[in-house]
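>>> what follows is a predicted structure for the sequence shown.
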Amino acid sequence: MFKAELSDPNILKTSFDAISSIVDEVQIQTDSEGIRLDALDRSHITFVHLELKASLFDEYVCDEPEKINIDTDELMKVLKRSKSNDRVIMSLDEGNFIITFEGEAKRTFKIRLIDMEYEAPSPPELEHPTKFDIPFALLKDSIQDMDIFSDKIALIVDSEKFRASAEGEFGDANIEYLHGEKIDTEAKSIFSLEKIREMLKADKFSDVATIKLGNDMPLHLSLKMVSEDGELSFLLAPRIEADD
Amino acid sequence: MFKAELSDPNILKTSFDAISSIVDEVQIQTDSEGIRLDALDRSHITFVHLELKASLFDEYVCDEPEKINIDTDELMKVLKRSKSNDRVIMSLDEGNFIITFEGEAKRTFKIRLIDMEYEAPSPPELEHPTKFDIPFALLKDSIQDMDIFSDKIALIVDSEKFRASAEGEFGDANIEYLHGEKIDTEAKSIFSLEKIREMLKADKFSDVATIKLGNDMPLHLSLKMVSEDGELSFLLAPRIEADD
Amino acid sequence: MFKAELSDPNILKTSFDAISSIVDEVQIQTDSEGIRLDALDRSHITFVHLELKASLFDEYVCDEPEKINIDTDELMKVLKRSKSNDRVIMSLDEGNFIITFEGEAKRTFKIRLIDMEYEAPSPPELEHPTKFDIPFALLKDSIQDMDIFSDKIALIVDSEKFRASAEGEFGDANIEYLHGEKIDTEAKSIFSLEKIREMLKADKFSDVATIKLGNDMPLHLSLKMVSEDGELSFLLAPRIEADD
């Protein structure tokens, strides 16, 4: 038996808003410790990891581990129907993932489980030379529309600043943020702006994003709840190309 | 002479938002008692009835009965231009239905009357076995996007609950609302979700909707003003089909 | 060297929202007194004039006159990225017009200067027989959607009222506003509603618009800051045609 109850649907909604734009199908794994999900997009550019601990939920029961294979679009269609003050209850029956929203009315949605072979991908172990925090809203506001001039973006960090930079035929855009961390090296990698924008959809998950950057290394972006009960993180492969 | 003055344009706007999505042309009938309209959509699925009593208006004059034949899209284009605190004055000249909005400026719109044969339809007399009230906002929020999984919806009532249910290939949706009425029978009919959504546009007319349901019978949905000065009601034919 | 700093990006944003919908490319001229721009749309129907005095800026430096040739769409894409509480700094380098927004992060956009022959147009000297003020929000709200019935609009002023009137096959629209000025003549000209709508985009520039009208003469619409540090004005050629 699996049952998980939350007083606020926004964590699920914002997580799957990002996840459903990255992968079409996903396997949610549940056990007594909580819920987790590891997925890799079709082109092997973005790895996404979600973890929601049992302690996050108002009620959490999971007798034996379950693997919930689901179409992320169908799931997102349902999550979009939630309202901020609805309680959310997740459960399973024979062939369905069941989501119930309890507000003035009780609304139950059953989403068909799908049949698929799924081997949960493991992210590569990486040692990033730099790490810093940035307000997520600031990151989102600054970066998401930088496609004014280009479809790729350089992310650069040095001892003082984090910079995002896009160069195009008609103009350049450059964002600077004083990160206030002790960083004693420089790092720079180039990414697809479209792929970054997918991750930025998770803006209700956490106020602060932690970024790890290296030279021509994947971007590691992680969002952690203050309570440490949940984490959503992304690993995005760099675009390897000359950029001068 | 016909002249009717209202301090609030929203009743007209919300009524014709629904009406114009159901019928293209309509005949508004006026007499000393007020304004009424009965219309049937082209496919004979939805019957709509609007009644605004003379007492609803701040000023109401109608010397002799008038029949105002009008294109509902043209009328809605004008009503959309009203602002919440505008006074509305309706009148007639030789060939036009005249709507005036009085705010900081005075805005007058003349809509050409159209030439048509119109026999106001009469709805069938029906004895529904069940009747209950439901907050209109709740009805709208719950039902309007149930097309996630299907384009038809079963409406079911029993002694305890009102249920709306949609089943599809990829999932099911089910809404439950405790109606709190004394109902000692069950009733179930299936409707087109698209047709229901047209009626739900009238959400500023009244806070409460009264629903009458039977087995494979038309849905009767009525919206009444608290003051009893106005009523907007719909009769929607069921889809006759097996739904197990 | 040219540098101009403003504490509020809205004046630029609202000005170029209108300007970029009227002309594709423009020459901004700067000298020690401030910034100005005169432009004529391709079809020679709308003339637009913008003037922002040095005194408007928190900091203003311009050693020698500069001519900044720029694509208005590229400029508008950048200005749209500003937020209300950003500081804006404009400057120049060899081949770029540089706009910096300073908020929580510092965002710098370089827009390529374009190569063009540009002779700043001079508007004709006109003596309009009438002149009056009107709240700009009222003008915008009343006029912008008058295309319900027609794509042209008559603007008429007499001793009492300013009227905007559109007549079409399916209906007429008529707006009246008591201008409260001493006007002892009548004037009427007809304009393209689409062209008027372009000017109305500048709605954050000033609360009040000053209108000058004549018979079959261009419309003069001017927006002045209370501080007299800036002006945005338009001259719109009339449509010459019989309209009765």
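That came in fine, so what should we check first?

>>> so which elements touch the helix ranked longest in chain A?
Criterion DSSP state H: the longest helix present in chain A is helix A:10-22. Counting contacts by 3 or more CB pairs under 8 Å, 6 or more residues apart in numbering or on different chains; DSSP states H and E, helix A:10-22 packs against strand A:34-40, strand A:46-53, helix A:72-79, helix A:193-199, strand A:230-236. Any C-beta I mention is one placed from the backbone N, CA and C, and that applies to glycine too.

>>> which is the next helix or strand following the lowest-mean-pLDDT helix or strand in chain A?
The weakest-scoring helix or strand in chain A, judged by mean pLDDT, DSSP states H and E, is helix A:136-143 (a mean of 92). The helix or strand immediately downstream of helix A:136-143 is strand A:152-157, counting by DSSP states H and E.

>>> what angle sits between that following strand and helix A:136-143?
130 degrees (axes from the mean of the first three to the mean of the last three CA atoms, to 10 degrees).

>>> tell me the residues of chain A that contact chain C?
Counting by CB under 8 Å from any CB of the partner chain, the residues of chain A lying close to chain C are A:135, A:138, A:141-142, A:145, A:148-149, A:169-177.

>>> okay, domains of chain A per the record?
A:2-112, A:130-236 (automatic domain parsing).

>>> now the terminal residues of the shortest one, how far apart.
Domain A:130-236 stretches 16 Å from its first residue to its last (CA to CA, to the nearest Å).

>>> of the residues of chain A next to chain C, just the buried ones, ChimeraX syntax please.
With 16 or more other CB atoms under 10 Å in any protein chain shown as the criterion, this ChimeraX line picks the buried residues out of the residues of chain A next to chain C:
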select /A:138,141,142,148,149,171,172,173,174,175,176,177
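
>>> and the two most separated of the residues of chain A next to chain C?
Maximum pairwise distance in those, criterion CB to CB, is 31.5 Å, between A:Pro135 and A:Glu169.

>>> residues contacting A:Gly214?
By CB atoms under 8 Å, 6 or more residues apart in numbering or on different chains, the residues touching A:Gly214 are A:Leu126, A:His128, A:Pro129, A:Thr130, A:Ala187, A:Ser189.

>>> 7 Å instead, please
By CB atoms under 7 Å, 6 or more residues apart in numbering or on different chains, the contact list for A:Gly214 reads A:His128, A:Pro129, A:Ala187, A:Ser189.

>>> if you count neighbours, what's buried in stretch A:107-115?
A:Arg107, A:Thr108, A:Phe109, A:Lys110, A:Ile111, A:Arg112, A:Leu113, A:Ile114.

>>> make JSON lines out of those residues and add pLDDT.
Listed next are those as JSON lines, based on pLDDT from 0 to 100:
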{"residue": "A:Arg107", "pLDDT": "95"}
{"residue": "A:Thr108", "pLDDT": "96"}
{"residue": "A:Phe109", "pLDDT": "97"}
{"residue": "A:Lys110", "pLDDT": "97"}
{"residue": "A:Ile111", "pLDDT": "97"}
{"residue": "A:Arg112", "pLDDT": "97"}
{"residue": "A:Leu113", "pLDDT": "97"}
{"residue": "A:Ile114", "pLDDT": "95"}
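
>>> returning to what we had before: of the contacts of A:Gly214, grab the buried ones for PyMOL.
With 16+ other CB under 10 Å as the criterion, this PyMOL line picks the buried residues out of the contacts of A:Gly214:
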select buried, chain A and resi 187+189
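
>>> list just the nearest of the contacts of A:Gly214 to chain B.
Nearest to chain B among these is A:Ser189, at 38.6 Å by CB to the nearest CB.

>>> next one: that closest one from A:Ile148, what distance?
21 Å (CB to CB, to the nearest Å).

>>> just A:Ile22 next, same as before
The span separating A:Ile22 from A:Ile148 equals 24 Å under the rule CB to CB.

>>> what parts of chain A come near chain B?
Within chain A, the residues that sit near chain B (CB under 7 Å from any CB of the partner chain) are A:71, A:74, A:77-78, A:81, A:104-112.

>>> show me the two of the residues you listed that sit farthest apart.
Longest span within those, CB to CB: A:Asp71 and A:Glu104, 28.8 Å.

>>> before we move on, the earlier item: could you point out which element follows the longest helix of chain A?
Downstream of helix A:10-22, the next assigned helix or strand under DSSP H and E is strand A:25-31.

>>> buried residues, that next one. List them.
Neighbour-count burial for strand A:25-31 [16+ other CB under 10 Å]: A:Glu25, A:Val26, A:Gln27, A:Ile28, A:Gln29, A:Thr30.

>>> neighbouring strands - and their directions - for that strand?
Strands that pair with strand A:25-31, judged by DSSP bridges, come out as strand A:34-40 (antiparallel), strand A:66-71 (antiparallel).

>>> quick one: the longest one to helix A:72-79, angle?
Same thing as strand A:34-40. Using the same axes, to 10 degrees: strand A:34-40 against helix A:72-79 is 140 degrees.

>>> and strand A:34-40, what's its mean pLDDT?
Computed over strand A:34-40, the mean pLDDT rounds to 97.

>>> relative orientation of that strand and helix A:10-22 in degrees?
Going by the same axes, to 10 degrees, strand A:34-40 makes 20 degrees with helix A:10-22.

>>> how close does the residue nearest to A:Thr14 when sequence neighbours are not counted get to A:Glu51?
Nearest non-adjacent residue to A:Thr14, counting by CB to CB, 6 or more residues apart in numbering or on different chains: A:Lys204, 3.6 Å away. Here the criterion is CB to CB. By it, A:Lys204 lies 17 Å from A:Glu51.

>>> again with A:His128
Using CB to CB, A:His128 is found at 20 Å from A:Glu51.

>>> and the closest residue to A:Leu79 other than its chain neighbours, how far is that from A:Ala202?
Among residues not flanking A:Leu79 along the chain, A:Lys13 sits closest, at 4.7 Å (CB to CB, 6+ apart). Using CB to CB, A:Lys13 is found at 10 Å from A:Ala202.

>>> neighbour-wise, which of those two wins?
Neighbours per residue (other CB atoms under 10 Å in any protein chain shown) separate A:Lys13 from A:Ala202, with A:Ala202 holding more: 27 against 20.

>>> report the secondary structure state of that one.
Three-state call for A:Ala202 (DSSP: H, G, I helix; E, B strand; the rest coil): coil.

>>> just want the angle from the helix or strand hosting A:Tyr177 to strand A:152-157.
For A:Tyr177, the host element (DSSP H and E) is strand A:171-178. The directions of strand A:171-178 and strand A:152-157 differ by 30 degrees, with the same axes, to 10 degrees as the criterion.

>>> output the below-cut-off pLDDT ranges for chain A.
For chain A, applying pLDDT under 70 flags the ranges A:242-244.

>>> state the distance from A:Phe47 to A:Glu117.
Using CB to CB, we find A:Phe47 at a distance of 19 Å from A:Glu117.

>>> those two: which has the busier surroundings?
Taking other CB under 10 Å, A:Phe47 and A:Glu117 do not tie; A:Phe47 has more neighbours (22 against 6).
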